Structure formats: C-alpha cells, structure tokens
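Peer 1: Sequence plus predicted model, see below.
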Amino acid sequence: MRAFQRLYSGLVIDNFGFLSIFSSFLNFALTAVILVFVIYYREPVVKEEKFSVIKTQEFYTQCDNYFFKKADGLFDKKNVRLWKIQEGKDGYVKTSDVNHLILFVVPEASSLEIYQPFLYKLARDGFVVYAAEVSLKGEKLFSGIYNLKFNRRFFSRYLKFRKPEKYAELCKEKESDRITKCSVLLDIVNPTVEETVHFVFDDETSVMQAVQEKYLMPWDTVFDLSSVEAYKTAGYGPIENTDPVICKIMNISSDKSFYISSHLATALEKLVYYYHE
C-alpha cells in the first residue's frame, strides 16, 4: 500500500522483479480464494434471540471414579461441557412450572453446535434442555494422538463416513462408555421426582434401551432421532442446517432454513405429548 502511495505521489518508484510481482499476485489470489471459501461455507448464525431462548454453559471435571464437580479452576480439566437452554428473552428466563426435561449426550462424531437449532426449538416450545459433550477420564476411543479430544471427533466422523462397518464395531465396543456418559448427565442434572425426563439419542438404539432399563423412571421417555424417516445424517446431527463444509464432503445439500432440525424437534414433541397429555 505504501509503495502505491509513493508511486502516486511521484516520490519513489520501486522496481520489482518478475518473481516479486508473481508472488504478490499469487498471494492476492490465494487470499481472495480463501475469503470466498470462508464466506460461502460459513456456518449459519443461530441466535438465541431469534428463538427467544437463553443458553448457559458450564464445565465439569471428573474426580475419583465417576464423581464430577464444576470446573471452576483455571487448570481444571473440562470433561463435561453442558448447555442448559430455557425459554426466555433479554436475559430473563421465562418463569413457569415446566417439569419436562430434555437430556441429550452428543455422539462422538458430532458437537453441541451442530444440534443448536434443534435444541433451541425444544426450549422455545417450553422444555428445559440439558445437552452435553462428555469425555471420561482414561477413555480410549482411538490410540495415540488420534485419541486427543479434538482428534476423536474428527476421526470418528472420518471413520463413520469412510468405514461405516468399522465405526459400528467401535461403537459396539464402547457402548458401556456411552451408557456411563448418559448416567453422568443424569447425575449432574439430578431431576426431581416431579420432573419427567425425555432422553434423546442419535443412532444409538441399544444404548437407549440400556439407559431406559437402568436409569430412567417408568414415566420417562426415550427417543432416537434416527427413527425419523426424513433424517438422513443420523449420528452426525442435522449437519445440513449447521455445517456446510461437512455437507459438501458428504455431497448433501445445505439448508439454512433449519427445516430438519425443526422436524426432529416436532417428532420428539409429538412423542412426549402422546404419552403425557
């Protein structure tokens, strides 16, 4: 920029060689391509205000065995990331006698952000939503660096997409860990006897059945999102609404209208109303 200013002012004329000019244009072209990519494939903004909900986030660290406490310290390991979402506006939670809780532990191949519009709609429709990413101490999903928290999600997605049979075998082997993670969320939320729990799963039928038998009350309900016929990305989450990059890789049309997220929430609500009218 300064070189152009000097040239325009007639003060100093810089002489550039061919390689300098070529590298400058190449740098400009790459910057433009990256900018277009970022804008085109940016994730949709899911605003709490649009759904009239309030989200709070807490972290928990695992102590001995399966006891968890709030991760208040700067260096506390964050084993649980928990979202609590409720109907509300302008920082104020809507006061009501809501006693229906939605609980959901995100699958290994997904993240809380991918389910955001689905969770927000449930909260807007009057449920208190607890959704979490849980990582157990000493958990071994992969070996070596592949087992690092960030890498686990990436390689879970890769394995599920490229080698679905191997991923299914891995999920079967780690089924007890998934069940434990659901019990961890139940312990943290600690529902009262007056509250009804609706536990959500995503392509985890056997885990769902085990959790229902071991931990839930007779009046509680369970729901597997994969049972919804229109839902084509079970286990990944409603990525067509929230992750354009993965959609491109999987050759799925992106949809920023949040249709499938809303459809999944409606299907769950119909089940709840059927049993608890």
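Peer 2: Structure's in. What do you need?
Peer 1: Quick one: mean pLDDT over the helix or strand containing residue 208.
Peer 2: Residue 208 belongs to helix 205-215 when elements are defined using DSSP states H and E. Average pLDDT, helix 205-215: 95.
Peer 1: again, but for stretch 81-91
Peer 2: Per-residue pLDDT over stretch 81-91 has a mean of 88.
Peer 1: Which SSE is immediately downstream of the helix holding residue 208?
Peer 2: The first helix or strand that comes after helix 205-215 along the chain, using DSSP H and E, is strand 221-224.
Peer 1: Just the residues contacting the helix or strand following that following strand, thanks.
Peer 2: Next along the chain after strand 221-224, taking DSSP H and E as the criterion, comes helix 239-242. With contacts defined as C-beta atoms under 8 Å, 6 or more residues apart in numbering, helix 239-242 is touched by 43-44, 46, 113-117, 233, 246-247, 250, 252-261. Heads up, the C-betas are built off the backbone N, CA and C, glycines and all.
Peer 1: Weed out the non-buried ones from the residues you listed.
Peer 2: 44, 46, 114-117, 233, 246-247, 252, 254-255, 258, 260-261 (16 or more other C-beta atoms under 10 Å).
Peer 1: ok, those residues vs residue 222, which is closest?
Peer 2: Closest to residue 222 out of these is residue 115 (16.7 Å), distances taken as C-beta to C-beta.
Peer 1: any idea how far the closest residue to that closest one other than its chain neighbours lies from residue 118?
Peer 2: Leaving aside its chain neighbours, residue 115 sits nearest to residue 237 (5.1 Å; criterion: C-beta to C-beta, 6 or more residues apart in numbering). For residue 237, the distance to residue 118 equals 8 Å [C-beta to C-beta, to the nearest Å].
Peer 1: ditto for residue 231
Peer 2: Per C-beta to C-beta, residue 231 is found 10 Å from residue 118.
Peer 1: anything in contact with each of these two?
Peer 2: Common neighbours of residue 231 and residue 118, using C-beta under 8 Å, 6+ apart, are 238, 264.
Peer 1: more neighbours, these two?
Peer 2: More neighbours surround residue 118 than the other of residue 231 and residue 118, with 28 against 20 (other C-beta atoms under 10 Å).
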